[in-house]
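# Sequence plus the predicted model coming up.
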Amino acid sequence: MLEIVDIHKEFDGLKVLNGVSLEVKKGHVVGLIGPNGSGKTTLFNVIAGVYKPTGGKILLDGEPVHGLKPDQLYRKGLVRTFQIPRPFRNLTVLDNLLLASRNQRGEKFARVFNFTKWKMQERELVEKAEKTLELINLIHLQDEYAGNLSGGQLKLLELGRALMSDPKILLLDEPAGGVNPTLAMKLFAKIDELAHLKNLTFFIIEHRMETLLNYSDYMFVLYKGRVIVEGKPQEVMEDEKVIEVYLGEL
Amino acid sequence: MAFPIAYLLDMLVFTGIFGIMALSLNLEFGHTGLPNFGKVAFFMIGAYTSALITLAGYPFILGITGAMAVSAFFGAIVSLPAIRLREDYLAILTLAFGEILRLILKNEEWIAGGVLGLKGIPEALTTTSFKSALYGHLIVVYIFVVTFYIFLRFLEKSPYGRLLKAIREDELAAQSLGKNTVWYKAQALAIGSAIAGSSGGLYAQYLSYIGPDLFMPVITFAVWAMVIIGGVGNHKGVLVGALIYQIFERGSRIFKDYLQIPIDPNNMMFMIFGLLLIIVLMFRPEGLIKEEKIKLL
């Protein structure tokens, strides 16, 4: 589904990604772990079109997508969330979710005044958004400004927006960061369910390795801009290199 | 007609004309987050286009339509390089655009009379007396105010308006949700410029004369003050801002005749308004009428 081939990224001579290669298979929940500064978020930003790679290829369903802009990637079904949430603060929680929906008739200037056409679609989208809000436990806050949400709630909102967009593949950057552990487990259980029932693909950066251990099908460990270990979660956790990376200098 | 009523009507006409400008800036900045500091350029383009069309013998409505079309065209042209820039650079670029255009019109006589400007611009309605002319202007201007207000409320209460606000809030997040933000920002600038162009057209027909010195950058700053004081992101608020501006501008003009102060009284309006801006920004930064939570149609 998503193939990363020898991706490099430099910032003013500083090499952040040094030839990352990995593959995310369709319908899988794939985890990406690594210590701070290993390049995880930079890799996500390169995949999601925020940064152009200095070298290498990114293929989505076999089609090269490196260098495309975020909105173009979204249209191809690749949707991401941010490590530091980026909500539309002065819009309601419901509006934040609705904005993520695809092909909205009322978003075209020429159709704004033909509101009978977009209103019906809007009603359907509101229903869908409310279901998504129930799923992420934010339904009681649907009319609240997103700027008034707590850090954990903003993480949930990011996830909700991503789910609203009917993606093929979701890139989640620490989706459970700041979320209480019980809800975090529920979230990952939901992600697991969506992946296996709806054949959705998730590529997740997560610091809580124990949650990824239970819910991911495959894991990659990034260190100094390279994948140093990959495999089934249990194998990865027991790998000496990973233990060393997390407990001390390699 | 007794003097105070004529004065009041004149003030209301100006409030309407500048209220339209404030509405257009509110779409661009209040709703889309585009700091357009070249508002006067599109006002000027509208005024000159409408004046040239009506002076050529065509009806007022064609003049206004032309003013809107040409202003929208220039808005789109300016937007092409401008909307890829960071907000502060966009502000500088649009400010420079307004001044460059004004200086071209001032120095190139063949375009529209150069420094002397254009005289004898026909009014929108043919009237027989000063009194009926003022009422006529008031009606014409407020037809446009109401039309644009309704138009912008429609936009605001649609998914299109919601998307513009999302761009204002966080452009990268909007892009990540598949929105072609550059295209939408270009549209907002073109629509805002068209509206500003129409107010220019109304201004030209009301004054019957326009010249380059009527379009100094201070007009842009006045419109910004109207939006900031009235309430960024609230269309009602910016119209109230336009009215307050007119009251202060005219009030200070009258007031200065009765004052003996050791400073140039001609600049008093700017001082008073500067003070008002500081007070509003300190104690009510969202403006007098703050942005409301929008429920779509």
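Received, thanks. In this text, all values refer to a predicted model and were calculated from it rather than measured experimentally.

# which residues does residue 76 contact?
Going with chain A. Neighbouring residues of residue A:76 by Cβ atoms under 8 Å, 6 or more residues apart in numbering or on different chains: A:60, A:63, A:65, A:68, A:168. Any C-beta I mention is one placed from the backbone N, CA and C, and that applies to glycine too.

# meant chain B actually
By Cβ under 8 Å, 6+ apart, the residues touching residue B:76 are B:186, B:189-190, B:193.

# Closest one to residue A:48 out of those, please.
residue B:186 (23.6 Å; Cβ to Cβ).

# So what's the residue count around that closest one?
Using other Cβ atoms under 10 Å in any protein chain shown, residue B:186 has 20 neighbouring residues.

# what about residue A:7, which helix or strand?
strand A:2-11 (DSSP states H and E).

# starting at the chain centroid, how far to that strand?
The chain centre lies 17 Å from the centre of strand A:2-11; the measure is Cα atoms, centre = their mean, to the nearest Å.

# Now do the same contact list for the residue lying closest to residue B:172 once chain neighbours are set aside.
Closest residue to residue B:172 apart from its sequence neighbours, by Cβ to Cβ, 6 or more residues apart in numbering or on different chains: residue A:86 at 6.6 Å. Shown in contact with residue A:86 (Cβ under 8 Å, 6+ apart): A:158, B:170, B:172-173, B:176.

# Just give me the neighbour total for residue 227.
Just going to use chain A. Taking other Cβ under 10 Å as the definition, residue A:227 ends up with a neighbour count of 20.

# wait, chain B
Counted with other Cβ under 10 Å, residue B:227 comes out at 26.

# List the contacts of it.
With Cβ under 8 Å, 6+ apart, residue B:227 has these contacts: B:22, B:25-26, B:29-30, B:238, B:241, B:287.

# of all the residues in chain A, which ones are close to chain B?
A:48, A:50, A:69-71, A:74-75, A:79-80, A:82, A:86-92, A:95, A:98-100, A:102, A:104-109, A:112-113, A:115, A:118-119, A:122, A:143, A:145, A:161, A:165 (Cβ under 8 Å from any Cβ of the partner chain).

# Is stretch B:187-201 positioned near chain A?
Yes. Stretch B:187-201 is in contact with chain A by Cβ under 8 Å from any Cβ, via B:187, B:191.

# avg pLDDT for that stretch?
The average of the pLDDT scores along stretch B:187-201 is 95.

# Export only the CA atoms of that stretch, formatted as CSV.
Coordinates of each C-alpha in stretch B:187-201 appear next as CSV, following Å, rounded to 0.1, in the frame of the first residue of the first chain:
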residue,chain,number,x,y,z
GLN,B,187,-11.1,33.5,-4.7
ALA,B,188,-11.5,35.4,-1.5
LEU,B,189,-9.2,38.2,-2.7
ALA,B,190,-11.0,38.3,-6.0
ILE,B,191,-14.5,38.5,-4.4
GLY,B,192,-13.3,41.0,-1.8
SER,B,193,-11.7,43.1,-4.5
ALA,B,194,-14.9,43.0,-6.6
ILE,B,195,-16.9,44.3,-3.6
ALA,B,196,-14.3,47.0,-2.8
GLY,B,197,-14.5,47.9,-6.5
SER,B,198,-18.2,48.5,-6.3
SER,B,199,-17.8,50.8,-3.4
GLY,B,200,-15.2,52.7,-5.5
GLY,B,201,-17.9,53.0,-8.2
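
# That one: which residues count as buried?
For stretch B:187-201, the neighbour count (16 or more other Cβ atoms under 10 Å in any protein chain shown) marks B:187-201 as buried.

# What is the nearest of those to residue B:136?
Among these, and counting by Cβ to Cβ, the member closest to residue B:136 is residue B:201, at 15.3 Å.

# May I have the residues that are in contact with the closest one?
With contact set as Cβ under 8 Å, 6+ apart, residue B:201 has these partners: B:46-47, B:49-51, B:63-64, B:67-68.

# Spatially, which two of these are the most separated?
B:51 and B:68 (14.0 Å).

# How far off centre is the helix or strand harbouring residue B:49?
Assessed by DSSP H and E, residue B:49 sits inside helix B:39-55. Put simply, helix B:39-55 sits 12 Å off its chain's centre (Cα atoms, centre = their mean).

# do stretch A:178-191 as well
15 Å.

# Am I right that residue B:294 is in contact with residue B:158?
No. Applying Cβ atoms under 8 Å, one finds residue B:294 not in contact with residue B:158, separated by 9.5 Å.

# list the residues that contact both of the two?
With contacts defined as Cβ under 8 Å, 6+ apart, no residue is shared by residue B:294 and residue B:158.

# Which one's more surrounded, those two?
Shown here are residue B:294 and residue B:158; by other Cβ under 10 Å, residue B:158 has more neighbours (27 against 17).
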